[in-house]
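[1] show me the folded form of this:
(one chain, ligands or ions: 2)
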Amino acid sequence: MPFEELFAEAERQLNICNSCRYCAGYCPVWPALELRTELGRADITHLANLCHDCQDCFTACMYTPPHEFGVNPPAVFSSVREDTYRRYVWPQHSPAWLRGRVGLGVAFAAVAALLVLLSFATGRGEVFAGPTRGSAYELVSHTLMVVVVAVPALVSVLTLARAAWLYWRDIHGPLAPLLDLPSWRSTLRQVATLRHQTGGAEGCSYPEGEPSAVRRRFHHLVMYGFLLTFISTTSAAILEQFFDAQPPYPYLSVPVLTGLVGGVAATAGCSGLIVLKRRSDHLQSTEGMRRADYAMLWALLLLMLTGLVVLFGRSTIIFAPALVVHLAAVVVAFAVAPYTKFVHWIYRLLSVHKDNVERGNR
Ligand code: SF4
Ligand code: SF4
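    Ligands and ions are numbered 1, 2, ... in the order given. Next up is the predicted model:
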């Protein structure tokens, strides 16, 4: 649907909701809607990114299709979020292959082949004959590793930072509230507990209409698991750069313990969310958003599983091939993050913060 029609449809539905207000207790979308008598594109974008697709309002609503009002907030918000993911990124009209399975597969294979080539070209190919010490630098040198992984990471971070800046400027305007620390306290508390996924009390109706905390628990596992793996990578870099401690690290060390616990937690969380998603395929998200959800979850799962294989197989012959797959997955994930569902947490975080600023939550 062209974006003018999409926003006109969202405005039509939300005007009905603003008269009804039955869903007021389900999530912050509804109190935020009540603050608005007119809905511009920025308001609708903000509300759509506050929505986390729990389906509670759709389950409760008496005006859903085939009713003539045709109210369906999760579906219309889902389409608006798809528009958000395209609107703020650079280049705005990113090549379709970045999001397609074939293109991602080709990019993944190309990075994996490049790593193998670099390994043999720099005289380190014997790592594939195993057994190994379990250091990534047995595959390629430290400098090459930094170039292959850090360049896409840096480009990705800059692209995401620019998108976040443009998004905030659109939905809020002044930059000063971005430094409002008391509101950030509320924002971070809500994000850390995934407060908005409680569906007002018992949990989301997702995926089968019964309130349940399962989806929130799986999200917790993914979020904290990912954070732990980030701590693992960062602590390894600190040990290496500042304490001259070279990998591999012992099992009872910060990088290994955080990587292990984080990897297992995120693997369990991603697997659980994939199962829930399969059970929810009949629900209201658009086809594009469903594809984006699956792509992100499978990519994260691949990252975590290969990370665990690298860890447990680090002195065996599977270490080098597993490391190649893991590094290729990391590089491709960084490269495509701004153009895929990976980006969603930035917009949601900023919308939750705007909501707290707007409502004086401190
Ligand atoms: S989704 Fe339906 S029940 Fe909920 S506020 Fe809108 S019109 Fe009312
Ligand atoms: S789907 Fe859930 S989060 Fe989204 S607007 Fe409805 S109640 Fe709120």
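
[2] residue numbers of this structure in contact with ligand 2?
    23, 26-27, 29, 51-57, 73-74, 77 (CB under 6 Å from any ligand atom). C-beta coordinates here come from the backbone N, C-alpha and C atoms, glycine included.

[3] filter the residues you listed down to the ones near ligand 1?
    23, 57, 73.

[4] in which helix or strand would I find the residue nearest to the first one when sequence neighbours are not counted?
    Setting aside the residues directly before and after it, residue 23 is nearest to residue 57 in space (CB to CB, 6 or more residues apart in numbering), at 4.3 Å. For residue 57, the enclosing helix or strand under DSSP states H and E is helix 56-60.

[5] may I see the buried residues of that helix?
    Buried residues in helix 56-60, counted by 16 or more other CB atoms under 10 Å: 56, 57, 58, 59.

[6] okay if I get the residues you listed as CSV plus pLDDT and distance to residue 185?
    Listed next are these as CSV, based on pLDDT from 0 to 100; distance: CB to CB, whole Å:
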residue, pLDDT, distance to residue 185
56, 87, 27
57, 92, 28
58, 90, 32
59, 87, 32
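
[7] isn't residue 324 up against residue 118?
    No - taking CB atoms under 8 Å as the definition, residue 324 is not a contact partner of residue 118, at 10.3 Å.

[8] which of the two has more neighbours?
    residue 324 (23 against 18; other CB atoms under 10 Å).

[9] separation between the more buried one and residue 140?
    As for residue 324, its distance to residue 140 is 10 Å (criterion: CB to CB, to the nearest Å).

[10] quick check: neighbours shared by those two?
    Shared contacts of residue 324 and residue 140 (CB atoms under 8 Å, 6 or more residues apart in numbering): residue 115.

[11] run a quick neighbour tally on residue 263.
    Counted with other CB under 10 Å, residue 263 comes out at 25.

[12] do residue 17 as well
    Neighbours around residue 17, by other CB under 10 Å: 22.

[13] likewise for the one 3 residues further on?
    The burial metric for residue 20, expressed as a neighbour count using other CB under 10 Å, is 15.

[14] list the contacts for it?
    Per CB under 8 Å, 6+ apart, neighbours of residue 20: residue 63.

[15] quick one: list the elements packing against whatever helix or strand comes next after the helix holding residue 57.
    Counting by DSSP H and E, the next helix or strand C-terminal to helix 56-60 is helix 73-87. Here helix 73-87 touches helix 3-20, helix 41-50, helix 56-60, helix 287-312, helix 344-359, going by 3 or more CB pairs under 8 Å, 6 or more residues apart in numbering; DSSP states H and E.

[16] how about these, which one is nearest residue 155?
    Of all these, helix 344-359 sits nearest to residue 155, with 15.7 Å by CB to CB.

[17] what angle separates the closest one from helix 41-50?
    110 degrees (axes from the mean of the first three to the mean of the last three CA atoms, to 10 degrees).

[18] quick check, nearest of the buried residues of helix 56-60 to residue 225?
    residue 56 (25.9 Å).

[19] and residue 30, how many neighbours?
    23.

[20] from residue 159, how far off is it?
    33 Å.

[21] where's the nearest residue to residue 236 once chain neighbours are set aside, which helix or strand?
    Closest residue to residue 236 apart from its sequence neighbours, by CB to CB, 6+ apart: residue 255 at 4.0 Å. Using DSSP H and E, residue 255 falls within helix 254-279.

[22] residue 336 now?
    Going by DSSP H and E, residue 336 is part of helix 319-336.

[23] next, the angle helix 287-312 makes with that helix.
    Using the same axes, to 10 degrees: helix 319-336 against helix 287-312 is 150 degrees.

[24] dump the C-alpha coordinates for helix 319-336 into CSV.
    In CSV, the C-alpha atoms belonging to helix 319-336 read as follows (Å, rounded to 0.1, in the frame of the first residue of the first chain):
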residue,chain,number,x,y,z
PHE,A,319,37.0,-25.3,15.4
ALA,A,320,38.2,-23.7,12.2
PRO,A,321,35.2,-24.4,10.0
ALA,A,322,32.8,-23.4,12.8
LEU,A,323,34.8,-20.2,13.4
VAL,A,324,34.6,-19.4,9.6
VAL,A,325,30.8,-19.9,9.7
HIS,A,326,30.5,-17.9,13.0
LEU,A,327,32.6,-14.9,11.7
ALA,A,328,30.8,-14.9,8.4
ALA,A,329,27.5,-14.8,10.3
VAL,A,330,28.8,-11.9,12.5
VAL,A,331,30.0,-9.9,9.5
VAL,A,332,26.8,-10.3,7.5
ALA,A,333,24.6,-9.6,10.6
PHE,A,334,26.5,-6.3,11.1
ALA,A,335,26.3,-5.4,7.4
VAL,A,336,22.5,-5.9,7.1
